[in-house]
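Undergrad: sequence first, then the predicted structure, then my questions.
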Amino acid sequence: MAKIVTVAQMRRIEQASDAGGWSYDEMMLRAGQAVAQEVLARMPQADGKQVLILVGPGNNGGDGLVAGARLAERGMLVTAYLVRPRPAPDPHAATLQEIGGRVLGAQDEADGILERLAASSDVLIDAVLGTGFALPMRSDLAAVLLRARRAIERRHPRPLCIAVDCPSGLACDTGEVADATIAADVTITLAAAKPGLLRFPGAGYAGEIVVGDIGLNPDLKELAEVQMEMAEPKTVRGWLPHRPADAHKGTFGTAVIAGGSVNYPGAVGLAGAGAYRVGTGLVCLAVPGAIYSLLVSLLPEATWLILPQEMGVIAEGGAEVLRTRAVDAQALLVGPGFGREETSRKFLGKLLQPAESAGRGRIGFVHGEAEPHTDAAPLPQLVFDADGLRLLAQLDGWPARLPAGTILTPHPGEMAALTGLETATIQSNREGVARDWSLQWGHVVVLKGAHTVVAAPDGRAWVLPFATAALAKAGTGDVLAGAIVGFCAQGVPAAEASALAAYVHGRAGVLAAQAAGSTAGVLAGDVARHLPAAMAELESSPA
């Protein structure tokens, strides 16, 4: 998987590589080659295509010049525009000129040549500022970037815009951007992804994120110890459950989903569809009787557990009934469409009471170091979602009342309820917040939203490469929770099941939008229906 590193971490990695014998010059040559390869992959008819490279004074500019030389070798008409003078002599600029490329600078400026080049080029490569940039941007650099940006914005279609490492003006740790930043179609982030590319507003400027190989040894200590990664198909596909031809429904596990209320009857059905669509053998929906008749025809494949109710929501007495059924399941999801009534909170408290308090002859759950009650059996792999999380937050000492490694799937508002943090604070550091609280609680955290973060209590974390308005619709979170519990039921470990489900869910949202022709018309049910297609893509992706 592609690592995600801060600017300071990247600096230490490069220093360690240089000290170990893989020099900065060798890294630059590989970086430029990586950029050129991505341009050529998107423009297979390269001969005669015009390329404008905006070149800064540092290493980022050197990467751009190396890329320009490789593209000129392939017959592209390359012009490098130096936004500031570079140290002389510059071997990379000289190489580009020897191959036939042009190198211009502010001293060559006449009759709006920058605007003309930007307006006529097929490809614009932004190699002005790299990971070392910090706001505010210098006025001279901002002026050049603004001129180029305005020129390409007047074009239709605009050129293919490629950013080297990051769009110039994007703060790679925070995702803040300068006003002059040019939005990229593709960002070729070098060696590892940077947090700012995955945080808004910066994520809105990064376009597609591709990790460019600069030749670092993957066993380099400073790189290997990084536990934050960007989820990629070649790794995620390895977590897909095996499906032998002689399987039966028991092979693929049983998931129980407890939730639903008269105000939110559809959520539990969407979660059930999500679980079935990722391959679960049997899904049991545990719901208050008031909504059973509304759901039974929508998911005829489900089995049902009717729970005691009060005014259309699950009552406290439902906990004992659910424990009895959950004993035979591999995974249990609690919360979709739950509501926030007091009786449901009492149900949750009773469900999570220590085994020794559950009463002889009843099935309870053992947590912490407590000895199991003679008649008690533990709950299966637990997943908490939606209002189940908000009610959970109201229980004293709730983290210790959950089995270790329980999966929590909050959106930022629910995460605020669980942590007491402001939503804005959570959104400003999504990866850090998810990791810190996962470690503190001892549970897996799936912090939903654009670029969902999955954090495990052992320190591992994944950021999902999806940010699409197709998923900004009621019910899509229920589908995700169902997919998570479905993979858990099939035996996928909690953290991996969460990251795998988040990946196929995000990709299903993209596929659903493509099928609909717009992100606006995608419904949660459409996302559930596209989960198999997303899984099929993974299965056929390169290992």
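TA: Thanks, I have the structure now. Residues are numbered from 1 along each chain as shown.
Undergrad: tell me where the stretch 51-200 of the chain has strands.
TA: 77-82, 102-105, 123-127, 160-164, 186-190 (DSSP state E, counting those that start in this stretch).
Undergrad: by contact count, what packs against the shortest one?
TA: If I follow you right, that is strand 102-105. Secondary-structure packing of strand 102-105 (3 or more C-beta pairs under 8 Å, 6 or more residues apart in numbering; DSSP states H and E): strand 77-82, helix 91-99. Glycine gets a C-beta too; all of them are placed from N, C-alpha and C.
Undergrad: run a quick neighbour tally on A148.
TA: A count of nearby residues for A148, using other C-beta atoms under 10 Å, gives 26.
Undergrad: distance of the closest residue to it other than its chain neighbours from D63?
TA: Once flanking residues are discounted, A148 sits nearest to A118: 4.6 Å by C-beta to C-beta, 6 or more residues apart in numbering. Remark: distance between A118 and D63 (C-beta to C-beta, to the nearest Å) = 20 Å.
Undergrad: of all the helices and strands packed on strand 102-105, which one is nearest T303?
TA: Closest to T303 of the helices and strands packed on strand 102-105 is strand 77-82 (C-beta to C-beta; 64.3 Å).
Undergrad: sheet partners, orientation included, of the closest one?
TA: strand 50-55 (parallel), strand 102-105 (parallel) (DSSP bridges).
Undergrad: quick one: distance of it to the chain centre.
TA: Strand 77-82 sits 35 Å away from the centroid of its parent chain (C-alpha atoms, centre = their mean, to the nearest Å).
Undergrad: could you dump that strand to CSV, C-alpha only?
TA: Listed in CSV are the C-alpha atoms of strand 77-82, where the atom choice follows Å, rounded to 0.1, in the frame of the first residue of the first chain:
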residue,chain,number,x,y,z
LEU,A,77,7.2,19.7,-27.8
VAL,A,78,8.3,20.7,-24.3
THR,A,79,8.7,24.3,-22.9
ALA,A,80,10.0,24.8,-19.4
TYR,A,81,9.1,28.2,-17.9
LEU,A,82,11.3,29.1,-15.0
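Undergrad: what about it, average pLDDT?
TA: Across strand 77-82, the average pLDDT comes to 97.
Undergrad: what does it rub up against?
TA: 48-55, 57, 61, 64-65, 68-69, 71-72, 93, 96, 100-106, 114, 117, 121, 144 (C-beta atoms under 8 Å, 6 or more residues apart in numbering).
Undergrad: other SSEs contacting whichever helix or strand G388 is part of?
TA: Here G388, judged by DSSP states H and E, is contained in helix 387-392. The contact analysis (3+ C-beta pairs under 8 Å, 6+ apart) places helix 387-392 against helix 342-351, helix 412-419.
Undergrad: P91 and R30, how far apart?
TA: Per C-beta to C-beta, P91 is found 16 Å from R30.
Undergrad: settle it for me: which of these two has more neighbours?
TA: For P91 versus R30, neighbours defined as other C-beta under 10 Å are more numerous around R30 (20 against 11).
Undergrad: test my guess that that one contacts G215.
TA: Yes - with contact defined as C-beta atoms under 8 Å, R30 counts as touching G215 (4.3 Å).
Undergrad: distance of the closest residue in space to I152 that isn't next to it in sequence relative to I182?
TA: In this structure, I152 finds its nearest non-sequential neighbour in R158, 4.7 Å apart by C-beta to C-beta, 6+ apart. Applying C-beta to C-beta, the value for R158 to I182 is 10 Å.
Undergrad: and L395, by the same measure?
TA: If you measure L395 against I182 using C-beta to C-beta, the figure is 50 Å.
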